[in-house]
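Student: Sequence plus predicted model, see below.
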Amino acid sequence: MNVIDDMAAAQGVAYMDGTFMPLAEASIPILDRGFLRSDVTYDALHVWKGRFFRMQDHIDRFRASIAGLRMALPQTDEELRNILMECVRRTGYRDAFVMVMCSRGVQPPGTRDPRLCRNRLYAYVTPFLWIANEDQRRDGWKLILSRTQRIPPEALDQRIKNFHWLDLTMSLFEAYDQDAHTTVLPLADGTITEGPGYNIFVVKDGALATPDRGMFEGITRRTVAEIAGDLQMKCEMRPVRVEELDEADELFTSTTAGGITPITSYNGRPLGDGTPGPVTKRILDLYWKRHEDDAYTTPVAYDD
């Protein structure tokens, strides 16, 4: 393995198709189909207080996404774990955001046959990322229902994590135009899916519901469902109608990049008293307590 200067490593580390390097030096070929065609899948993990959270669950999901796109990597699970561990170790970060990607790769000249590409493994580590800033995490997000519909699962299986974000990105412009923070996207049948980078939960009469179609099945979403089970709270994964958001007692989002974020305003009106609700706060607290549990975490072997 190549040696990376300590100062460069402190700005982030990448692994690019067999080589470790400072993140600032990482690049992919311009002819890589991951760039040209968004022909790539990925998974996002995080390290908190020096420990990966649900590392094997993320690797299992990454494998499923790779298989879903008919790609393959030569690395074993142990080799993948070691690569990600090494990226984090080299940065020294105790709290980190970790991305691992499988790209279709560069196709030979004169063909568009994806079977002829050598699939490539990329990864990088940055300091921990929060999807919401400190004020938003404390006071909650302003959410709107987007007019932009989510790409339907019949066209693209959203259970395969992908970088095809144009529907999500355009919905964000709608939110900003309305002085909101973010959005949730519907399907044509009147159900909701997800927002840009997160799943959504509806709380009504102490019970939770989260969409089961047209969205990515997040590890944080899974953790929330498990926490609800521990609390003997009803948590349904089912079609969630748009109208249920108007009737909700509480709303919150779940994502690897920051965990649980309260929603305190929906379509321009406050939810409840306009502050994060009690169910949301309870789930948030227990989510972070999970990060202290050896059953869910894997320690990073730092130099010190």
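Tutor: Arrived safely.
Student: Pull out the buried residues from the helix or strand that contains Thr261.
Tutor: Taking DSSP states H and E as the definition, Thr261 sits inside strand 259-266. Within strand 259-266, the residues scored as buried using 16 or more other C-beta atoms under 10 Å are Gly259, Ile260, Thr261, Pro262, Ile263, Thr264, Ser265, Tyr266. (C-beta placed from N, C-alpha, C; glycine too.)
Student: ok, now stretch 86-98?
Tutor: Quick answer for stretch 86-98 (16+ other C-beta under 10 Å): Glu86, Cys87, Val88, Arg89, Arg90, Thr91, Gly92, Tyr93, Ala96, Phe97, Val98.
Student: hang on, the fourth one in a helix?
Tutor: Translated: Arg89. Yes. Checked against DSSP: H, G, I helix; E, B strand; the rest coil, Arg89 lies within a helix.
Student: Isn't it up against Pro299?
Tutor: No. The pair Arg89 / Pro299 is not scored as a contact, 10.9 Å apart, by C-beta atoms under 8 Å.
Student: Output the one helix or strand Thr220 maps to in CSV with nothing but the alpha carbons.
Tutor: Assigned by DSSP H and E, Thr220 belongs to helix 219-230. Provided in CSV are the C-alpha atoms of helix 219-230 (Å, rounded to 0.1, in the frame of the first residue of the first chain):
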residue,chain,number,x,y,z
ILE,A,219,-30.2,1.1,7.1
THR,A,220,-31.2,3.9,9.4
ARG,A,221,-34.8,3.3,8.4
ARG,A,222,-34.3,-0.4,9.4
THR,A,223,-32.8,0.8,12.7
VAL,A,224,-35.8,3.0,13.4
ALA,A,225,-38.2,0.1,12.9
GLU,A,226,-36.1,-2.1,15.3
ILE,A,227,-36.2,0.7,17.9
ALA,A,228,-39.9,1.0,17.5
GLY,A,229,-40.2,-2.8,18.1
ASP,A,230,-38.1,-2.5,21.3
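Student: Pull the distance from it to the chain's centre.
Tutor: 15 Å (C-alpha atoms, centre = their mean, to the nearest Å).
Student: what's the answer for stretch 127-144, then?
Tutor: With C-alpha atoms, centre = their mean, you get 15 Å for stretch 127-144.
Student: List the buried residues for that stretch?
Tutor: Phe128, Leu129, Ile131, Ala132, Gln136, Arg137, Gly140, Trp141, Lys142, Leu143, Ile144.
Student: got TSV for those, with distance to Thr41 and pLDDT too?
Tutor: Formatted as TSV, these follow (distance: C-beta to C-beta, whole Å; pLDDT from 0 to 100):
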residue	distance to Thr41	pLDDT
Phe128	23	97
Leu129	19	94
Ile131	20	95
Ala132	25	96
Gln136	29	97
Arg137	29	96
Gly140	32	98
Trp141	27	98
Lys142	31	98
Leu143	27	98
Ile144	29	98
